[in-house]
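> Prediction below, plus the sequence it came from.
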Amino acid sequence: MLTLYNDRHALHHGQREMFRGEMVPCFEIPARADFVLAELKRRGLGAIETPAAFDDAVIARVHAPRYLDFLRGAWDEWVALDPANAQRDAFPSYWPIRTFRSDVLPASFPARMGLFSYDAGSPLTSGTWAAAYAGAGCAIVAAQRVLAGERAAFALTRPPGHHAGADFFGGYCFLNNAAIAAQTLRDAGAARVAVLDIDYHHGNGTQAIFYERADVLVTSLHGDPHTEYPYYLGYADEQGAGAGKGFNRNLPLPRGTGFEAWRAALTDALAGIAAFRPDALVVSLGLDTFAGDPIAGFTLQSDDYLRIGEDLARAGLPTVFVFEGGYAVAEVGVNAVNVLEGFAEGAG
Ligand code: Q9C
Ligand code: ZN
């Protein structure tokens, strides 16, 4: 399988994140992608390329211009607040929750940072924009290569993307790579695109981006938001709105779910996708469903990921894989590559 590797991913390197009242070491670290890359090479799964250049117009079809302007300039504005900030990651402190206005763009940088985010766990660093932008390029080129005839391609990038909405970051995500891949497929002629999100956490950003659209079916398997992050979205009754009614599907599963029940939900998800008759599939490939994940609650084992790849191949669709979560760092490479190898073997 062809991999589009973001060789600038390590420019995003958060030091600490807020967790239960303290700053703890980040879970979303550069080593995650390094382990996946090393395992891809060790198993010789296919060509690994880094896009030299890409057409970025699709990014502004997924994200709001004022959000992109903010993100591009955020680090410089943070350092301009106080030169000592150059040594500290940027975090929001204020959020315009209900009753506040979000139409006004405040001059204050901290105020804008809160306007464009929804949690305190997603540090923004000196290289966040450069890493996220290059990662979006990997998603774009992966989609283009699949359109050009590759059965599948893998965008190996971080920071991840599925929590990022049209105009907000959060959940370690800044640009929604899966949504950007799906939009690229649509723009190039795929009439219908399915996004299947198998990260442990509900892909709230992806859901929100396509919620009122009938051309992109979003299906997500995830920990029940009653108890699991991102808490405020991902319930089974969220089925889309307006023209998009019926084109969003959530399959929440209780914390503690093992592979048998998880796989039954995957079968259900794939049946819904087949009924939609998509021209292509985008898989938000989170590996935080693994039993050893430090911030999640399912109990999948490494071999289970081979079966997942085989099940996905059986859908018979041109497929773009996008790397999302997975924080058991030493195992994330094996688990990710197991999915890709299972797919490659299943696809024949
Ligand atoms: N301190 C993705 O998997 N925080 N994002 C959880 C741990 C947010 C996960 C609490 C988790 C976001 C892409
Ligand atoms: Zn996750």
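Sure, I can see it. Ligands and ions are numbered 1, 2, ... in the order given.
> And Arg20, what's its pLDDT?
Model confidence at Arg20, given as pLDDT, is 89.
> same deal with Ala274?
Predicted confidence (pLDDT) for Ala274: 98.
> Please name the residues that touch the nearest residue to it once chain neighbours are set aside.
Spatially, and ignoring its direct neighbours in sequence, Ala274 is nearest to Ala315 (6.7 Å; Cβ to Cβ, 6 or more residues apart in numbering). The C-beta positions use only the backbone N, C-alpha and C, and glycine is treated the same way. For Ala315, the contacting residues are 270, 273-274, 281, by Cβ atoms under 8 Å, 6 or more residues apart in numbering.
> for Ala315, phi and psi?
phi -70, psi -20 (degrees, to the nearest 10).
> do Glu212 as well
Residue torsions, per degrees, to the nearest 10, at Glu212 are phi -110, psi 20.
> contacting residues around it?
240-244.
> For Ala166, see how far away it is.
According to Cβ to Cβ, to the nearest Å, Glu212 and Ala166 sit 11 Å apart.
> isn't Trp95 right next to Phe116, touching?
No. Counting by Cβ atoms under 8 Å, Trp95 stays clear of Phe116, with 9.9 Å between them.
> neighbour-wise, which of the two wins?
Neighbour count, other Cβ atoms under 10 Å: between Trp95 and Phe116, Phe116 has more, with 27 against 17.
> and the residue lying closest to Arg314 once chain neighbours are set aside, which of the three is it?
In this structure, Arg314 finds its nearest non-sequential neighbour in Gly346, 6.1 Å apart by Cβ to Cβ, 6+ apart. Here Gly346 is helix, with the state taken from DSSP: H, G, I helix; E, B strand; the rest coil.
> Please report the distance of Gly346 from Ala313.
Where Ala313 is concerned, Gly346 sits at a distance of 3 Å (Cβ to Cβ).
> Name the residues contacting each of these two.
Common neighbours of Gly346 and Ala313, using Cβ under 8 Å, 6+ apart, do not exist here.
> can you give me the strands in the stretch 51-200 of the chain?
152-156, 193-197 (DSSP state E, counting those that start in this stretch).
> which residues sit in contact with the residue in the stretch 101-250 of the chain that ligand 2 sits nearest to?
Closest to ligand 2 within the stretch 101-250 of the chain is His201: 3.6 Å, counting by Cβ to the ion. Going by Cβ under 8 Å, 6+ apart, His201 touches 162-163, 171, 222-223, 228-230, 286, 288, 296, 325.
> Show me which residues of this structure are close to ligand 2?
Proximity of the chain to ligand 2, by Cβ under 5 Å from the ion, involves residues 199-201, 286, 288, 325.
> make it 8 Å
Counting by Cβ under 8 Å from the ion, the chain comes close to ligand 2 at 160, 162-163, 171, 199-201, 229, 286, 288, 295-296, 324-327.
> ok, so of those, who is nearest ligand 1?
Distance to ligand 1 across the residues of the chain next to ligand 2 (Cβ to the nearest ligand atom) is lowest for Gly325, with 2.4 Å.
> Neighbours of that closest one, how many?
For Gly325, the neighbour count with other Cβ under 10 Å is 27.
> where does it land on pLDDT?
pLDDT at Gly325 comes out at 99.
> Doesn't it belong to a helix?
No. Gly325 is assigned coil when assessed by three-state DSSP, not a helix.
> that older thread, what's the farthest-apart pair in the contacts of Ala315?
Ala274 and Leu281 (10.4 Å; Cβ to Cβ).
> Of those two, which one has the most company?
More neighbours surround Leu281 than the other of Ala274 and Leu281, with 26 against 14 (other Cβ under 10 Å).
> could you list every residue that touches that one?
With Cβ under 8 Å, 6+ apart, Leu281 has these contacts: 193-196, 273, 312, 315, 317-320.
> same thing but at 6 Å, please
Residues in contact with Leu281 (Cβ atoms under 6 Å, 6 or more residues apart in numbering) are 194, 317, 319.
> Let's see if you can find the most crowded of these.
Within the contacts of Leu281, most neighbours by other Cβ under 10 Å means Ala194, with 29 neighbours.
> what residues are up against that one?
Going by Cβ under 6 Å, 6+ apart, the list of residues near Ala194 reads 217, 273, 276, 278, 281.
> got the contact list for the closest residue to it other than its chain neighbours?
Spatial nearest neighbour of Ala194, excluding adjacent residues (Cβ to Cβ, 6+ apart): Pro278 at 4.0 Å. For Pro278, the contacting residues are 192-194, by Cβ under 6 Å, 6+ apart.
> Ok, Ala47 next?
Residues in contact with Ala47 (Cβ under 6 Å, 6+ apart) are Leu2.
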